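>>> Test case, fold it:
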Amino acid sequence: MQTVTTVPGRSRRRSTFIVACLSAALVAALTGCAAGAANVVLPDKPGHVQVTGAKPARPSARDLLIAAYEDYWRATNEALASRDASKARAIMAGHVPASSIPALVKGLQAIWRRNETGYGSPVFHIKSAKITGRRTAAVHDCIDLSHMGLANQQTGQVVGGSGPSHDFLITALVLEHGRWVVTGAIPVVRTCSY
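Now for the predicted structure:
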């Protein structure tokens, strides 16, 4: 009979090494890091399916009118906040006819001279937006102006008031250089609701 002598420390290290290698191999296999790729049978693609590039939806006339109307209000607020005539002209270009910009800037300068600034913005409740002629259109809005106005820039005191919360406003637009621009707005003495 043959006797085998083992060194206790070496056997334990060898066992630990083998367990570590097996554990690493098991983790690698479970996480997809195995040496070979799995053989998986995928279903056939149906022959009648064709992938095409999705074309962006073209905005409707109504969408373009509403966008021009809302952009006009945002541009007006930005122009007022700029407190600079040349910046205000640049901001308003493309939102109103070029011929309207001098009068608009003159009105802004009067507000700036009184050291007033705007606060807030309108809340839109658009009832209709339609083309009314070959190059004209109108947006009918039951606009809420109660969240905006003018305030003294130093004190913050409201000096120019909040408008009504249900103001029926008809805004005229004209197509100029391929873009709808606001030519004027008429408040209508009529109740509206949203």
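
>>> And the helices in this protein, which stretches?
For the chain, the helices defined by DSSP state H occupy 8-30, 61-82, 85-92, 101-113.

>>> State the mean pLDDT of the third one.
On average, the pLDDT along helix 85-92 is 98.

>>> cool, and the last one?
Taken as a whole, helix 101-113 has an average pLDDT of 96.

>>> any weak-confidence spans in the protein?
Counting by pLDDT under 70, the ranges of the chain that qualify are 1-54, 161-162.

>>> ok, and for stretch 173-183, which residues are buried?
Leu173, Val174, Leu175, Trp180, Val181, Val182, Thr183 (16 or more other Cβ atoms under 10 Å). (C-beta placed from N, C-alpha, C; glycine too.)

>>> Please name the residues that touch the nearest residue to Ser82 once chain neighbours are set aside.
Spatial nearest neighbour of Ser82, chain neighbours left out: Ala88 (5.3 Å); criterion: Cβ to Cβ, 6 or more residues apart in numbering. With contact taken as Cβ atoms under 8 Å, 6 or more residues apart in numbering, Ala88 is in contact with Ala79, Leu80, Ser82, Leu104, Val105, Leu108.

>>> ok, now Leu65?
Ala129, Lys130, Ile131, Ala137, Val139, Leu173, Trp180.

>>> What remains of these if I keep only buried residues?
For those, burial is judged from neighbour counts taken by 16+ other Cβ under 10 Å, and it is met by Ala129, Ile131, Ala137, Val139, Leu173, Trp180.

>>> Among those residues, name the ones in strands.
Among those, the members found in strands (DSSP state E) are Ala129, Ile131, Ala137, Val139, Leu173, Trp180.

>>> Ala137 is in contact with the second one, correct?
Going back to what we said before, that points to Ile131. Yes: in terms of Cβ atoms under 8 Å, Ile131 counts as a neighbour of Ala137; the distance is 4.7 Å.

>>> anything in contact with each of those two?
Here Ile131 and Ala137 have Ala61, Leu65 as joint contacts, going by Cβ under 8 Å, 6+ apart.

>>> Lys87 - how many residues pack around it?
Other residues near Lys87 number 14, with proximity taken as other Cβ atoms under 10 Å.

>>> Can you tell me how far it is from Tyr72?
With the distance defined as Cβ to Cβ, to the nearest Å, Lys87 ends up 17 Å from Tyr72.

>>> What of Lys55?
Here Lys55 is placed at a distance of 29 Å from Tyr72 (Cβ to Cβ).

>>> More neighbours: which of the two?
Tyr72 (21 against 6).

>>> residues touching that one, list them.
His95, Val96, Thr171, Val181, Val182.
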